[in-house]
Every structure is written in structure tokens, then in C-alpha cells.
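Novice: Only the shape, not the letters, is given here:
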């Protein structure tokens with residue numbers, strides 16, 4: 001787990017926001033607490049299992065979605081430490097690839113942070129909200145290129161565009 005913390009510390013950010021979406025990233029002091037409810041029961045017992053749909057022993061939570069609280073986690077069985085997410089509260093864990101490695105995940109968060117310049121998740125779009133479809137297509141392409149994952153980032157940009165359409169003026 002120390003290797004994961006060192007990589008995360010090298011980027012030096014805790015939260016990144018893009019429109020109404022956000023990513024909260026773990027720090028060294030809270031990584032063990034973040035495992036509670038995933039691989040560790042609050043009483044300290046092991047929650048991970050070996051059955052499909054169970055939380056896997058090799059998954060380490062590194063952050064959460066600030067909007068809905070879904071976890072972002074790495075799989076320590078793969079040396080690249082791919083990053084996944086899964087919807088919580090579904091009765092089983094169906095992981096979805098977010099980025100091919102922890103380094104690429106942190107690189108794309110750095111990219112998002114640089115273009116959004118937000119300190120919090122927005123409720124409504126404002127004058128700084130990116131609305132140009134060509135610019136959003138370019139952002140989606142860049143996120144897919146950095147992450148090595150197509151579907152997650154296509155859905156991410158689609159949700160962003162729906163938010164702009166629904167709540168924009």
C-alpha cells in the first residue's frame with residue numbers, strides 16, 4: 001500500500017472537479033479508513049471474498065466519486081495498478097475499468113484539474129463551463145488516450161453534456 005501512497009503523493013492533489021463530477025483522492029492518513037465497508041468490516045473483519053461479485057482481496061480503494069460516493073480502486077495483482085470503479089449498493093461489485101494504470105489515472109486527473117480550474121463540484125453550469133462540442137470531443141479523446149479506456153470516459157463526457165443541457169441557461 002505504501003507504493004500506492006507514494007505515487008498518489010507525487011501528484012499532490014486531493015480533489016478534482018469537472019462540472020458536477022468530482023474525484024476525491026485518498027491521502028496517507030486516511031487510506032486504511034477508506035477500506036472500511038469495502039475490504040474491511042468496521043469491526044475489523046475481512047469482507048473480501050473469492051466469489052465473482054465479491055470485493056476482491058487485491059482491490060485497494062484510492063478514492064471516491066464526490067457526487068455518488070462510488071469507489072475508485074486499484075488491483076494490486078496487476079503491476080500497472082489499473083484503476084476501476086464500481087457502483088456501490090448493488091449487492092455485488094461489477095468493476096468497470098477507468099484507467100489502465102494508477103499513473104495514467106493521476107495524469108488524467110491532473111489534466112482535468114488544469115482545464116476545469118474548479119475548487120468544488122458545480123450545481124449549475126456557469127460562464128467558465130466548457131460547452132463547445134468540439135472542445136468536449138477533444139477533451140474526451142484526450143481522456144481516452146491518457147487512460148487507455150474508451151467507454152468510461154465516453155460516458156463521463158456524455159453525462160457532463162447532459163448536465164450542461166439540463167441545468168444550463
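Specialist: Cool, the structure landed. Quantities reported herein were computed from a predicted structural model and do not represent experimental measurements. Numbering: from 1, shown residues only.
Novice: CA atoms for contacts and neighbours, from now on please.
Specialist: Noted.
Novice: Around residue 103, how many other residues sit close by?
Specialist: 21 (other Cα atoms under 10 Å).
Novice: try the one 5 residues further on
Specialist: Applying the criterion other Cα under 10 Å, we find 19 residues in the vicinity of residue 108.
Novice: Equivalent analysis for residue 127, please.
Specialist: 7.
Novice: Could you pull up the contacting residues of it?
Specialist: By Cα atoms under 8 Å, 6 or more residues apart in numbering, the contact list for residue 127 is empty.
Novice: next one: residue 37
Specialist: Residue 37 neighbours (Cα under 8 Å, 6+ apart): residue 47.
Novice: quick one, phi/psi of it?
Specialist: phi 90, psi -10 (degrees, to the nearest 10).
Novice: Now do the SS call for the closest residue to residue 9 other than its chain neighbours.
Specialist: What sits nearest to residue 9 in space, not counting adjacent residues and going by Cα to Cα, 6 or more residues apart in numbering, is residue 27, at 7.4 Å. For residue 27, the secondary-structure state derived from DSSP: H, G, I helix; E, B strand; the rest coil is coil.
Novice: Please verify my assumption that residue 27 contacts residue 14.
Specialist: Yes. The pair residue 27 and residue 14 passes the contact test of Cα atoms under 8 Å, sitting 7.3 Å apart.
Novice: Mind checking which of those two has more residues around it?
Specialist: The neighbour count for residue 27 versus residue 14, taken as other Cα under 10 Å, is higher for residue 27 (19 against 13).
Novice: Could you report the pLDDT at residue 95?
Specialist: What the model reports for residue 95 is a pLDDT of 92.
Novice: cool, residue 8 as well?
Specialist: Residue 8 is given a pLDDT of 91.
Novice: try residue 3
Specialist: 85.
Novice: which secondary structure elements does the helix or strand it falls within contact?
Specialist: According to DSSP states H and E, residue 3 maps onto helix 2-11. With contacts defined as 3 or more Cα pairs under 8 Å, 6 or more residues apart in numbering; DSSP states H and E, the packing partners of helix 2-11 are helix 102-116.
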